Every structure is written in C-alpha cells, then in structure tokens.
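**Q** Structure for the following, please:
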Amino acid sequence: MQKKVLFTASTFSHILNFHLPYMRQFRQLGWQVDVACGGTPPASLPEASGVIHIPFEKSMTSPKNAAAVRLLRRQIRKESYDLISCHTSLASFFVRLAVMGMAHRPLVACTCHGYLFDDRTPRMKRFVLASAERLTAPVTDLLMTMNEWDDVYASSHRLGKEIVKIPGMGVDFSRFSRYSNQEGAALRAELGFSPEHFLVVYGAEFSPRKSQADLIRSLSRLPDHVVLLLPGTGVLQEQCIALARSLGVERRVVFPGQVSDMPLWYAAADAAVSSSRSEGLPFNIMEAMYRGLPVIASDVKGNSDLIRDGESGLLFPYGDAQGCAAQIRRVCEDRELARRLGQTAHEQVRQYALPEVLPQVMAQYAALLPLEEDGRGAVPAPEREAVRR
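**A** Just a heads-up that it's a prediction; the model follows:
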C-alpha cells in the first residue's frame, strides 16, 4: 500500500519557499504527498498530489480555528496518513491538536522554525505560547529545532518524544550563480544610485517581528550616501513609508515590494542587515553571507547562531537604532573590515547549503519510520542523541 505524508503550514507560500525539495524526496520514494495550508492556494503546487485549504486565523482563540481543527481531523481520518510534517507555529499547534485522542493516529514530525517567544517575551504571552507547545508535546513524535535557544528550551521542557537540532532547511545557493556583479551594478544604476552610494539590503515581510522601522531610524543617523533597500510586503509597509517620509530619508529608502530575484538585490548591495526580534535560522542572512556581504544583525536567537560578532558579521542589541547605525557605519567606512567579514561569512555558511542539509533532515524522517516499502529506509538513520533530561 502506498504510504502517505501530509505537509502543513499556516500559508502555502511557506511550503513553496522551503519544502518543495523534501516533498520531491518523498514523491521519488513512492509516497503520496498532500499539502494542507491556510491562505490562497497557488495555481500549481509542484510535487503535491492533493492540496487542501485550511481556514487558519492568526488569532489562536478565533472560532475559525476550531473549524480548521475539525476539517483537519476529517482529512487525516479520510486519508489515513502515515506521517504529518508540520511547520510554522500556528499550523503546528492546530494540526497536533487535531490528532490528539485520535485512534491509530499518524506519526507527527514538527519542525520548529523559531519559537515566537524567548527570555525577553512578556510573561503572559510567553505563558500562552509555551503552554500550547506543552499541550501538544505528547503527540510530537519528532521535534526538529534550528537554533541553540529553541533546542535547549524544547529539550529541558520535553516538548517532543525525540528532539533533534538540524541546520535549518537548507538554502539553494545555486541561484546565486545566475547574477553577476555587472548585473548588480545595472540594478543600482536603474534605481538611481552610483558606485559611491553604500547600499544596505534587508528582504523581509513588513511585520512587527521584522522591525524595519528600527532600520529607517538608523538610516536617519547615517551619512546621505547610505541607502536602505527593503524588498517585501506586509501590514506595516505603509507605516514604514510614512516613517521614512517623516524623518526626511524617503529618497534613501527603496520599497520595491515583493521581488522574485533576491540574489540580484544582494548583487547590487554593499552590505546586508537584519533588525528582527527573533528568528529560527534566517534564510535572508544565510543568502547574504553566501554572497559575501558583511551582515549587520540584531543580537537575537537565530541571528546570533549564524554570526560570530566581529568575525563573520556584526551584531547590535535588538531595537537599538543608534547601535545599528554605528555598526553600519563601521563597514561603510572600513572596506577592509567589510571584505574580511564577507569572506569569512561565505566560508562559514556553506554548511547550510541544501545539498548538505537535505540528507540530514531526511535521515531524521527515516529514523522515525521506514521511508521505503521494504523497510530499508531512504537514507541511513542517524544515531540520535538522547533528549536532555
């Protein structure tokens, strides 16, 4: 009988951006691969046998999420999945809630792309989010974490039956070979900037967690030849545009909207920056590091797992616009420092390349259950370290 896996996330875009290579692996092994997400389904979803829309709402207390749980339970029972691979905090909670109490439930592998809480989170918010993880821990057969803080927290609170730290989901760095320095220079010229300008890029959704407003405030403290590139869309984009205008830096901030060719924007930039409140293991920083850009990032989990301050990038306290501006100024004024940071970053980030990471993640699935019909497993199952007790 054909085995079946269900990939779930809050949005279909998450699946498209991070999980197609893993779905492809399951398909090549003969599995049926279905996808269940919130948001608008794409016109096509490569590698998916079935696509199911789930009416997730961002508020955990929304009545619509109760309907989402009922829909998920019906779908899981109907298809009798062998495995559920769940992603993003909201979807992971409600998917695991759906299988609780289910007779002959599928195995559940949950990937933590970054808990939305840490030691600095307000007590009540942290209590609610952490309680959701503890409630669903009994049906979390495999929990894969990506950074040190999340791994220690999950292990010390026993948030899964097996807890394993993985090096992210793997980044397809091959895309960077498509864009040359000349093409980057052409984009700079198209945007109206000369080689004398210093372009700093941050590609991210405009959301409270990404904190682009902090970067705009930092820019107002920097010389006029420093320019901020902010690809992306989101609920706070218009607010950030208004902030740039109010600070008189609107000509030095580029809001191109959603772009499909981020490697080209890295090729056009002199440095990369991240002002995020927290991360799992951020793709945008890894991509900038691979391009050889000096990266200036907030000193939060995820960012600090990738960057060694002063060696492969520069860190600043989260929310400190002045501290961020000071670090940008350093790489702007000291091109040798910028070159050295970028070179080291490029060398260190290679371990996160998709060809390196994908076999490691598939090995964790193989350790959870046989991936091939004959039980041999698709890849050698790793010897897992015991969960911290």
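**Q** center of the protein, which residue is that?
**A** Centroid-nearest residue in the chain, with C-alpha atoms, centre = their mean: Pro282, separated by 4.9 Å.
**Q** State the pLDDT value of the nearest residue to that one once chain neighbours are set aside.
**A** Nearest residue to Pro282, sequence neighbours excluded (C-beta to C-beta, 6 or more residues apart in numbering): Gly302, at 5.6 Å. In this view, the C-beta of every residue, glycine as well, is placed from N, C-alpha and C. Per-residue pLDDT puts Gly302 at 97.
**Q** OK, contacts around Gly302?
**A** Gly302 sits next to Gly114, Met146, Asn147, Ser276, Ser278, Glu279, Gly280, Leu281, Pro282 when contact means C-beta atoms under 8 Å, 6 or more residues apart in numbering.
**Q** mean confidence score for the longest helix along the chain?
**A** The residue-count maximum for a helix in the chain (DSSP state H) belongs to helix 63-79. Per-residue pLDDT over helix 63-79 has a mean of 92.
**Q** before we move on, what about stretch 346-364?
**A** Stretch 346-364 comes out at a mean pLDDT of 97.
**Q** which residues in the stretch 151-300 of the chain form helices?
**A** Using DSSP state H, counting those that start in this stretch, the helices found in the stretch 151-300 of the chain span residues 181-191, 212-219, 237-246, 262-268, 283-291.
**Q** Most tightly packed of the ones you listed?
**A** Ranked by mean neighbour count, these are led by helix 283-291 with a mean of 25 (mean count of other C-beta atoms under 10 Å).
**Q** how about low-confidence regions in this protein?
**A** 372-389 (pLDDT under 70).
**Q** dump the residue contacts of the closest residue to Gly184 other than its chain neighbours.
**A** Nearest non-adjacent residue to Gly184, counting by C-beta to C-beta, 6+ apart: Ala267, 3.0 Å away. Contact partners of Ala267, counting by C-beta under 8 Å, 6+ apart, are Tyr179, Ser180, Asn181, Glu183, Gly184, Leu187, Arg291.
**Q** okay, these in TSV with distance to Asp224 next?
**A** Formatted as TSV, these follow (distance: C-beta to C-beta, whole Å):
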residue	distance to Asp224
Tyr179	27
Ser180	28
Asn181	24
Glu183	26
Gly184	22
Leu187	20
Arg291	25
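**Q** Which one of those residues is nearest to Arg245?
**A** Taking C-beta to C-beta as the measure, Arg245 lies nearest Leu187 of these, at 23.8 Å.
**Q** My understanding was that the closest one contacts Leu264; is that so?
**A** Yes. In this structure, Leu187 is within contact of Leu264 by C-beta atoms under 8 Å, at 5.9 Å.
**Q** Now do the buried residues in the longest helix of the chain.
**A** Asn65, Ala68, Val69, Leu71, Leu72, Arg73, Gln75, Ile76, Glu79 (16 or more other C-beta atoms under 10 Å).
**Q** Give me the nearest residue to the fourth one, chain neighbours excluded.
**A** Leaving out its chain neighbours, the residue that sits closest to Leu71 by C-beta to C-beta, 6+ apart is Ile54, at 6.0 Å.
**Q** Contacts only, for the one you found.
**A** Thr8, Ala36, Cys37, Gly38, Ala68, Leu71, Leu72, Ala91.
**Q** Now the nearest residue to the last one once chain neighbours are set aside: which helix or strand?
**A** Setting aside the residues directly before and after it, Ala91 is nearest to Ser10 in space (C-beta to C-beta, 6+ apart), at 4.5 Å. Under DSSP states H and E, the secondary-structure element containing Ser10 is strand 4-11.
**Q** Each with direction, which strands does that strand pair with?
**A** Paired strands of strand 4-11, with direction, are strand 32-38 (parallel), strand 83-87 (parallel) (DSSP bridges).
**Q** just how off-centre is that strand within its chain?
**A** For strand 4-11, the separation from the chain centroid amounts to 16 Å (computed by C-alpha atoms, centre = their mean, to the nearest Å).
**Q** just stretch 304-313 next, same as before
**A** With C-alpha atoms, centre = their mean, you get 18 Å for stretch 304-313.
**Q** swap in stretch 226-241?
**A** The mean C-alpha position of stretch 226-241 is separated from the chain mean by 19 Å, C-alpha atoms, centre = their mean.
**Q** got a list of contacts for the strand or helix carrying Ala91?
**A** Assigned by DSSP H and E, Ala91 belongs to helix 89-99. Contacts of helix 89-99 with the rest of the structure, by C-beta under 8 Å, 6+ apart, involve 8-10, 36-38, 54, 56, 58, 60, 65, 68-69, 72-73, 76, 84, 86, 105-106, 108, 110-113, 115-116, 129, 132-133, 135-136, 139-140.
**Q** Following element in sequence after that helix, please.
**A** The first helix or strand that comes after helix 89-99 along the chain, using DSSP H and E, is strand 107-111.
**Q** Tell me which strands that next one pairs with, and in which orientation.
**A** By DSSP bridges, strand 107-111 pairs with strand 83-87 (parallel), strand 142-145 (parallel).
**Q** would TSV of these with distance to Tyr202 and mean neighbour count be doable?
**A** Below are the strands paired with strand 107-111 laid out as TSV (distance: least, C-beta to C-beta, whole Å; neighbours: other C-beta atoms under 10 Å):
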stretch	distance to Tyr202	mean neighbour count
strand 83-87	23	25
strand 142-145	25	25
